[in-house]
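>>> I'll drop the sequence and a predicted model, then ask my questions.
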Amino acid sequence: MVLSVTGMAFAAAGYLNPVSGAICQEVVDVLAVVNALRAAFPPRMIRHEL
C-alpha cells in the first residue's frame, strides 16, 4: 500500500511518465500477490532429532 501511494505521489509530481508508472504499479502488484501467497501457506515445522 505504501509503495502504491509513493508511486502515485511521484507520478503526480511529474517524476514518472505514465508508462513507467504503470510498470512500477505492476511490480508492486506482483509483490503483493507473492506476499499473499507466502502468507497463505503454513510455516514448516522444524523438528530437532535426538
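Thanks, I have the structure now. Numbers count the residues shown, from 1 in each chain.
>>> any idea how far G21 is from F10?
Distance, G21 to F10, by C-beta to C-beta, to the nearest Å: 8 Å. (Each C-beta comes from the backbone N, C-alpha and C, glycine too.)
>>> go on, R38?
The gap separating R38 from F10 is 27 Å, by C-beta to C-beta.
>>> Kindly report the same for A22.
13 Å.
>>> Now the spatially most central residue of the chain: closest residue in space, sequence neighbours ignored.
When C-alpha atoms, centre = their mean is applied to the chain, the residue found nearest the centroid is L31 (3.0 Å). Nearest residue to L31, sequence neighbours excluded (C-beta to C-beta, 6 or more residues apart in numbering): L3, at 7.5 Å.
>>> how many neighbours does the one you found have?
Neighbours of L3 under the rule other C-beta atoms under 10 Å: 14.
>>> do L16 as well
Neighbours around L16, by other C-beta under 10 Å: 18.
>>> what residues are up against it?
L16 is in contact with 7, 10, 24, counting by C-beta atoms under 8 Å, 6 or more residues apart in numbering.
>>> Kindly reformat those residues as a markdown table containing neighbour count.
Formatted as a markdown table, these follow (neighbours: other C-beta atoms under 10 Å):
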| residue | neighbour count |
| --- | --- |
| G7 | 19 |
| F10 | 14 |
| C24 | 18 |
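>>> Give me the subset of those lying in helices.
Counting by DSSP state H, the contacts of L16 place 7, 10, 24 in helices.
>>> Quick check: pLDDT value at H48.
Listed pLDDT for H48 reads 69.
>>> CA atoms of stretch 24-42 as PDB?
Only the C-alpha atoms of stretch 24-42 are listed here, as PDB (Å, rounded to 0.1, in the frame of the first residue of the first chain):
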ATOM      1  CA  CYS A  24       6.100   0.200 -11.300                       C
ATOM      2  CA  GLN A  25       2.500  -0.400 -10.300                       C
ATOM      3  CA  GLU A  26       2.600  -3.900 -11.900                       C
ATOM      4  CA  VAL A  27       5.800  -4.700 -10.000                       C
ATOM      5  CA  VAL A  28       4.000  -3.600  -6.800                       C
ATOM      6  CA  ASP A  29       1.000  -5.800  -7.700                       C
ATOM      7  CA  VAL A  30       3.300  -8.800  -8.200                       C
ATOM      8  CA  LEU A  31       5.000  -8.300  -4.900                       C
ATOM      9  CA  ALA A  32       1.600  -8.000  -3.200                       C
ATOM     10  CA  VAL A  33       0.400 -11.300  -4.700                       C
ATOM     11  CA  VAL A  34       3.700 -13.100  -3.900                       C
ATOM     12  CA  ASN A  35       3.400 -11.900  -0.300                       C
ATOM     13  CA  ALA A  36      -0.200 -13.000  -0.100                       C
ATOM     14  CA  LEU A  37       0.700 -16.500  -1.400                       C
ATOM     15  CA  ARG A  38       3.600 -16.700   1.100                       C
ATOM     16  CA  ALA A  39       1.200 -15.800   4.000                       C
ATOM     17  CA  ALA A  40      -1.400 -18.300   2.800                       C
ATOM     18  CA  PHE A  41       0.800 -21.400   3.400                       C
ATOM     19  CA  PRO A  42       1.500 -22.500   7.000                       C
END
